[in-house]
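A.B. asks: pasting the sequence and the predicted coordinates here, then a few questions.
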Amino acid sequence: MRGVQHARQRGARVVNVDLQRVDRDHLKTPDRFLRYLAECIVRRLRLDMDEVDRSWHDSLGPQDNITYLMEDYVLPESEAPIVLAMDEVDRLLGTAFHSDFFALVRSWYNSAAYDEQWARLNMVMAISTEPFLLVTDLNQSPFNVGLSLYLADFSLEQVQDLSRRHGSPVAEGDLTELMGLLAGHPYLTRKALYTLATGELAWPDLIRVAPTDQGPFGDHLRRYGWLLRDQPELREALRQVVRQNRCEDDMAFYRLLRAGLVKGSGDVCRCRCGLYRMYFKDKL
């Protein structure tokens, strides 16, 4: 959001799309989703909505429809840079067309090299799950071009500071155990402290239920399990890490590393945090 605000202050026209708010019906087919995205872009730039209808042809695929809309109408209508900011992009990973969409974004990025008007389009995507779990073709991935910003794990001192900001729901003597469980994982640490601060669970109860589907991290853990479900090579690689602290498949290990599930190298490696090790020990 700070980046979006900075872009506006610099004179860019911003289209902010929060994919968490997209109705499930719009995620059923690529045509419905890309039509929804096209309408968002046109509406938020205060352009003529009828142009979407005029650009959408059954004889063409939805990717061509939205691309021609951008080329023939949206980009020529704006002399200022346009920022397409998409938040919660990892929601698309549950759709059947996510790879095609990411390939489309990559093609728009590549178009800037030979078409001046595409150079006015800047795309920002916020994602909490590393797409290396599902985007296997690097030539079609938008996540290995441009600028990537990663959030590092919190140090013990940062976790102490964050705990104080939550009213110190974790005693100083238990912070080491919290670090052993979550290893400073930003989202999980924040989730744990919020859960404790709001009184949903006491510290002993949180530690007990943390690696279960019924615990406060259940949705997060199940989602990783779902992403690994149909990828036997990644499941086997993670099984080796959990049980033997090693991994024989370098490519699978690299994808797990980029996905935020493991640390180290193929020879000496471990799960990113104790929570992942405990959960997947029983699931793999």
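C.D. replies: Nice, I can see it.
A.B. asks: hmm, who's touching stretch 257-268?
C.D. replies: 129-130, 132-133, 185, 224, 227, 238, 241, 245-250, 253, 256, 269-272, 276 (C-beta atoms under 8 Å, 6 or more residues apart in numbering). For the C-beta atoms, the positions are set from N, CA and C on the backbone; glycine is no exception.
A.B. asks: oh, I was asking about stretch 110-119
C.D. replies: Against stretch 110-119 from outside (C-beta under 8 Å, 6+ apart): 71, 75, 76, 108, 121.
A.B. asks: end-to-end on that stretch?
C.D. replies: Taking C-alpha to C-alpha, to the nearest Å, the first and last residues of stretch 110-119 lie 9 Å apart.
A.B. asks: could you measure from the residue sitting nearest the centre point of the chain over to residue 219?
C.D. replies: For the chain, residue 127 is the residue whose C-alpha lies nearest the centre (C-alpha atoms, centre = their mean; 2.1 Å). Distance, residue 127 to residue 219, using C-beta to C-beta, to the nearest Å: 16 Å.
A.B. asks: and residue 87, by the same measure?
C.D. replies: 18 Å.
A.B. asks: go on, residue 120?
C.D. replies: According to C-beta to C-beta, residue 120 and residue 219 sit 38 Å apart.
A.B. asks: list the contacts of residue 193.
C.D. replies: Taking C-beta under 8 Å, 6+ apart, one finds 162, 163, 166, 169, 170 in contact with residue 193.
A.B. asks: go with 10 Å
C.D. replies: Counting by C-beta atoms under 10 Å, 6 or more residues apart in numbering, residue 193 touches 159, 162-170, 178, 182, 206.
A.B. asks: show me how to select, in ChimeraX, the buried members of the residues you listed.
C.D. replies: The buried residues among the contacts of residue 193 can be selected in ChimeraX (16 or more other C-beta atoms under 10 Å) with this line:
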select :159,162,163,166,169,170,178,182,206
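A.B. asks: between the contacts of residue 193, which is nearest residue 234?
C.D. replies: residue 182 (22.0 Å; C-beta to C-beta).
A.B. asks: from residue 67, how far off is that closest one?
C.D. replies: 42 Å.
A.B. asks: what packs against the helix or strand containing residue 225?
C.D. replies: Assigned by DSSP states H and E, residue 225 falls within helix 218-228. Counting contacts by 3 or more C-beta pairs under 10 Å, 6 or more residues apart in numbering; DSSP states H and E, helix 218-228 packs against helix 186-197, helix 232-244, helix 274-283.
A.B. asks: alpha carbons only: can I get it in PDB?
C.D. replies: Written as PDB, here are the backbone C-alpha positions of helix 218-228 (Å, rounded to 0.1, in the frame of the first residue of the first chain):
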ATOM      1  CA  GLY A 218      -4.300 -25.000  10.400                       C
ATOM      2  CA  ASP A 219      -5.400 -23.100   7.200                       C
ATOM      3  CA  HIS A 220      -1.800 -22.200   6.400                       C
ATOM      4  CA  LEU A 221      -0.500 -25.700   6.900                       C
ATOM      5  CA  ARG A 222      -3.300 -27.400   5.000                       C
ATOM      6  CA  ARG A 223      -2.700 -25.000   2.100                       C
ATOM      7  CA  TYR A 224       0.900 -26.100   1.800                       C
ATOM      8  CA  GLY A 225      -0.300 -29.700   2.000                       C
ATOM      9  CA  TRP A 226      -2.800 -29.100  -0.800                       C
ATOM     10  CA  LEU A 227      -0.100 -27.500  -3.000                       C
ATOM     11  CA  LEU A 228       2.200 -30.500  -2.500                       C
END
